[in-house]
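1. build the 3D model from these lines:
(one chain, ligands or ions: 3)
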Amino acid sequence: MEKIISDLDIISEKDKNTQEVRSSKDVPSGKNRKLYIESYGCQMNFSDSEIVTSIMTGEGFETTSQAREADLILINTCSIRDKAEQTVRNRLNHFNGLKKKKPEITVGILGCMAERLKSKLLEEEKIVDLVVGPDAYRDLPKLIGQVDEGQKAVNTFLSREETYADISPVRLNSNGVTAFISIMRGCDNMCSFCVVPFTRGRERSRDPHSIVDEAKTLFSQGFREVTLLGQNVDSYKWVENEALKGKARIEKNQPAKVVNFANLLEMVATVHPDLRVRFSTSHPKDITDEVLYAMKRHDNICKNIHLPAQSGNSRILEMMNRTYTREWYIKKVDAIREILGQGCGITSDMIAGFCTETDEEHNDTITLMDYVQYDYSYMFAYSERPGTLAEKKYTDDVPDEVKKTRLAEIIDKQRALSKARNLLDLKKVHRVLIEGSSKKSEDYLQGRNDANKVVVFPRAHYAPGQYADILVTDCTSATLIGEAVQKHTN
Ligand code: SAH
Ligand code: SF4
Ligand code: F3S
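-> Ligands and ions are numbered 1, 2, ... in the order given. Coordinates of the predicted model:
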């Protein structure tokens, strides 16, 4: 397989060239032009689309939810598995039809696929005019100017500093109740199966004050829940006063102060007791007892931890370069249960059929699931990604059929565990933040409890954005069903 990305080069030769040919034309106006943006992949990508929309509406673009009305179509892409990239290529085929009818449409690829394939995307997909990586969105107006002048435009520069801290995201498809806040970008781990360090670059944390300000603004706008996002939130680290580095700090006699993830969580939790705080993702090697105690101290920090195990077998974990063993992972789970109790939700990501995995090793994943009693898991068959450590070092030797069978077993196991965990919630009262109407009926509302489970109940006089105490009377493996026992004022 061709190697497309070989290291974390900050700027590739091709990018340099692209920057040299960039037009010097003034920033274009989006006046009378419509933007349609479609997002794939993780929550970070959806959050980035809100930053992109903010930049583009600042240029005068209006947003539209109809691709056929658009002058500019942006697809924010994901590279995590081959299937994710295929989905985007199918969408490009679809947009090709639109472009035939309306040739003046500009089509841009953003996100991880843009970063992975760079200008190769222009050769492979003729419809694409614009390729922009995750750290180059500020450059979008200029790049669109270049396309307006009839050129193709690429910027896949990866930054060590960019956090878009000063850009207020335009909330897309918002329910007005829950929102994501990016607290860091990139990833410095090198899990051998994973393309993210190559597509998102080095890890960097965002100024905590800008995070708290964003949470305050959201609360004043009626939002009642924020999810702090990062590939590895527990390694969040901000050195206060570092901006004043050296002389200025010494003159003012201000020692550098480190804000870690536990500190940040508490800062956001104290914005308002009615603002719920969630976070994702925690790496088992980095989550600390300090974070668990911060969760315990604040009722509004939701008791739910996304703690991807990936595998339950220590040999496979080592090959995955996850830097923990099964036993270490189990100790973390024990600490969570001890500090936060059995009720704390624990969720995971699992990969079936990683290189050389045997049936017995796969079975270790199943027994780990039994031990932890996960509330929910995201489960995948291993998909080899070009340029990753696993692609270079190991053979993707588990046959597709075996991957599928193992994945099906993991899914069945999770379904049973989810149901069992939900049964424990019966006959208990859960505090639910109401997000909107239930999917099935306007007569019912739905929201989430502390452990992030969907709870459905009769609407009565309740409304989105309120908290309600719900007595759970029934459940499926995916949903809790109940009725309100008392209205909270908020
Ligand atoms: N930063 C997060 C995960 C980001 S990617 C973490 O460390 O947990 C989301 C999930 O996709 C991963 O947890 C993993 O389970 C899955 N994944 C990543 N690369 C994959 C690959 N090559 N094949 C299959 N699943 C993969
Ligand atoms: Fe990928 Fe590992 Fe980083 Fe998660 S922690 S994004 S799985 S490299
Ligand atoms: Fe996909 Fe990139 Fe997220 S590869 S999972 S969109 S960081």
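2. the stretch 351-490 of the chain against ligand 1: which residues are in contact?
-> Residues of the stretch 351-490 of the chain found near ligand 1, taking CB under 6 Å from any ligand atom as the criterion, are 351, 380, 382-383, 385. C-beta here means a position set from N, CA and C on the backbone, and glycine is covered the same way.
3. closest one to ligand 3 out of those, please.
-> Distance to ligand 3 across these (CB to the nearest ligand atom) is lowest for R385, with 8.9 Å.
4. and for the closest one, the neighbour number?
-> For R385, the neighbour count with other CB atoms under 10 Å is 26.
5. phi first, then psi, for it.
-> R385 has phi and psi values of phi -110, psi 130 when expressed as degrees, to the nearest 10.
6. now for the closest residue to it other than its chain neighbours: which residues touch it?
-> Taking CB to CB, 6 or more residues apart in numbering as the measure, R385 lies nearest to V195, with 4.4 Å between them; neighbours along the chain are not counted. V195 makes contacts with 79-80, 112, 116, 385, 387-388, as judged by CB atoms under 8 Å, 6 or more residues apart in numbering.
7. how about C302?
-> Under the criterion of CB under 8 Å, 6+ apart, the neighbours of C302 are 276-278, 450-452.
8. at 10 Å what do you get?
-> Contact partners of C302, counting by CB atoms under 10 Å, 6 or more residues apart in numbering, are 225, 227, 276-279, 295, 344-345, 433, 448-452.
9. same question, P208
-> The neighbours of P208, taking CB under 10 Å, 6+ apart as the test, are 165, 183, 236, 238, 240, 259-260, 263-264, 267-268.
10. got it, and R206?
-> Here R206 is in contact with 162-165, 181-185, 214, 228, 230, 236, 238, 264 (CB under 10 Å, 6+ apart).
11. repeat that with 8 Å
-> Contacts were defined as CB under 8 Å, 6+ apart; by that measure R206 touches 163, 165, 182-185, 238.
12. rebuild the residues you listed as TSV, extending it with neighbour count.
-> Written out in TSV, the entries for the contacts of R206 read as follows (neighbours: other CB atoms under 10 Å):
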residue	neighbour count
T163	19
A165	17
S182	22
I183	27
M184	24
R185	26
W238	21
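13. ok, which of those residues also contact ligand 3?
-> With CB under 6 Å from any ligand atom as the criterion, the subset of the contacts of R206 in contact with ligand 3 is empty.
14. closest one of the residues you listed to ligand 1?
-> For these, with ligand 1 as the reference and CB to the nearest ligand atom as the criterion, the closest is M184, at 10.9 Å.
15. output stretch 459-469 as CSV, restricted to C-alpha atoms.
-> This file holds the C-alpha atoms of stretch 459-469, laid out as CSV (Å, rounded to 0.1, in the frame of the first residue of the first chain):
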residue,chain,number,x,y,z
ARG,A,459,-44.4,15.8,27.9
ALA,A,460,-47.0,17.2,30.5
HIS,A,461,-45.9,20.8,31.2
TYR,A,462,-42.2,20.3,30.7
ALA,A,463,-40.0,22.0,28.1
PRO,A,464,-36.5,21.6,26.7
GLY,A,465,-33.8,23.2,28.8
GLN,A,466,-35.5,22.3,32.1
TYR,A,467,-34.4,19.6,34.5
ALA,A,468,-37.0,17.0,35.5
ASP,A,469,-37.0,14.2,38.1
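16. work out the gap between it and the centre of the chain.
-> Centroid separation for stretch 459-469 versus its chain: 28 Å, with CA atoms, centre = their mean, to the nearest Å.
17. and that stretch, average pLDDT?
-> Per-residue pLDDT values over stretch 459-469 give a mean of 96.
18. which among the contacts of P208 end up buried?
-> Among the contacts of P208, those buried by neighbour count (16 or more other CB atoms under 10 Å) are 165, 183, 236, 238, 240, 259-260, 263-264, 267-268.
19. okay, who's weakest in these by pLDDT?
-> On pLDDT alone, E240 ranks lowest of the buried ones among the contacts of P208, at 82.
20. could you pull up phi and psi at it?
-> In this entry, E240 is assigned phi and psi values of phi -60, psi 140 (degrees, to the nearest 10).
21. surely it and A256 touch.
-> Yes. The pair E240 / A256 is scored as a contact, 6.5 Å apart, by CB atoms under 8 Å.
22. picking up where we left off before, who wins on neighbours among the contacts of V195?
-> The most crowded member of the contacts of V195 is C112, carrying 29 neighbours; neighbours defined as other CB under 10 Å.
23. quick check, that residue in a helix?
-> Yes. The assignment for C112, made by DSSP: H, G, I helix; E, B strand; the rest coil, places it in a helix.
24. how close does the residue in the stretch 1-150 of the chain that ligand 3 sits nearest to get to G353?
-> Each residue of the stretch 1-150 of the chain has a distance to ligand 3, by CB to the nearest ligand atom, and the smallest belongs to G41, at 2.7 Å. Between G41 and G353 the distance is 21 Å, computed by CB to CB, to the nearest Å.
25. again with P399
-> If you measure P399 against G353 using CB to CB, the figure is 8 Å.
26. can you narrow the contacts of V195 to ones near ligand 3?
-> When these are checked against ligand 3 using CB under 6 Å from any ligand atom, the ones in range are 79-80, 112.
27. okay if I get these as CSV plus pLDDT?
-> Shown next, in CSV, are the ones next to ligand 3 among the contacts of V195 (pLDDT from 0 to 100):
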residue, pLDDT
S79, 97
I80, 97
C112, 98
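28. who touches stretch 229-244?
-> With contacts defined as CB under 8 Å, 6+ apart, stretch 229-244 is touched by 43-44, 47, 180-189, 196, 200, 203, 205-208, 249, 252, 254-261, 264, 279-283, 286-288, 291.
29. repeat that with 7 Å
-> Contact partners of stretch 229-244, identified using CB atoms under 7 Å, 6 or more residues apart in numbering, comprise 43-44, 47, 180-184, 187, 189, 196, 203, 205, 207-208, 249, 254, 256-261, 264, 279-283, 286-288, 291.
30. sitting in strands, which of the residues you listed do you find?
-> When strands are assigned by DSSP state E, the members of the contacts of stretch 229-244 inside them are 180-182, 184, 205, 257-260, 279-280.
31. surely L110 touches V132?
-> Yes. The criterion here is CB atoms under 7 Å, and L110 meets it with V132 at 5.1 Å.
32. report the separation between the nearest residue to M369 once chain neighbours are set aside and L307.
-> In space, M369 comes closest to K413 once its chain neighbours are excluded; the distance is 5.2 Å by CB to CB, 6+ apart. In this structure, K413 and L307 are separated by 17 Å, where distance is defined by CB to CB.
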